[in-house]
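Trainee: Predicted model and sequence below, questions to follow.
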Amino acid sequence: MVHVTDAFHRGRKKFQIRSVDTDVTVLAVSAVSELGGGLELWVAFGTGKDFRLIAAHEIAESLGPMRSYALPMFHSLTGCNTTSCFQHIERRTA
């Protein structure tokens, strides 16, 4: 997202990021919400028959700025593969 932010501030408006990790998609939605201003950010997600293009800018628009901004925290508590538990409290599904 650092490179997207830098290029956006230099005048670029359209981006495509390639990833197979949902964490990147969540961060992309949050970044679009923070940067705003006509940013078009696509995430090329998956491989093979599961490949798809996800319009992060459309998701951010439908969620609104507050939900988009909170999405990374919500994802880390409910669906992230790096948060296993908090002080012996197991992770539960949302």
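Mentor: Perfect, I can see it now. Residues are numbered from 1 along each chain as shown.
Trainee: So, low pLDDT: which residues of this protein?
Mentor: In the predicted model of the chain, residues 79-94 satisfy pLDDT under 70.
Trainee: Going along the chain, name the helices of the chain.
Mentor: 2-9, 22-35, 56-63, 65-78 (DSSP state H).
Trainee: So which of those is nearest Gly48?
Mentor: Across the helices of the chain, Gly48 has its closest neighbour in helix 22-35 (16.9 Å, C-beta to C-beta). In this view, the C-beta of every residue, glycine as well, is placed from N, C-alpha and C.
Trainee: what's the closest of the helices of the chain to Asp50?
Mentor: Between the helices of the chain, helix 22-35 lies closest to Asp50; by C-beta to C-beta that is 12.4 Å.
Trainee: hmm, who's touching that closest one?
Mentor: The set of residues external to helix 22-35 that reach it, using C-beta atoms under 8 Å, 6 or more residues apart in numbering, is 1, 4-5, 8, 17, 19, 39, 41, 43, 45, 54, 56-57, 59-60, 63, 65, 68-69, 71-72, 75, 79-81.
Trainee: Export it to CSV, keeping only CA atoms.
Mentor: In CSV, the C-alpha atoms belonging to helix 22-35 read as follows (Å, rounded to 0.1, in the frame of the first residue of the first chain):
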residue,chain,number,x,y,z
THR,A,22,-7.3,-11.9,1.8
ASP,A,23,-5.2,-9.6,4.1
VAL,A,24,-4.0,-7.6,1.0
THR,A,25,-7.6,-7.2,-0.2
VAL,A,26,-8.8,-5.9,3.1
LEU,A,27,-5.9,-3.4,3.2
ALA,A,28,-6.7,-2.3,-0.3
VAL,A,29,-10.3,-1.5,0.6
SER,A,30,-9.0,0.5,3.6
ALA,A,31,-6.4,2.3,1.5
VAL,A,32,-9.0,3.4,-1.0
SER,A,33,-11.1,4.8,1.7
GLU,A,34,-8.2,6.7,3.2
LEU,A,35,-6.9,8.1,-0.1
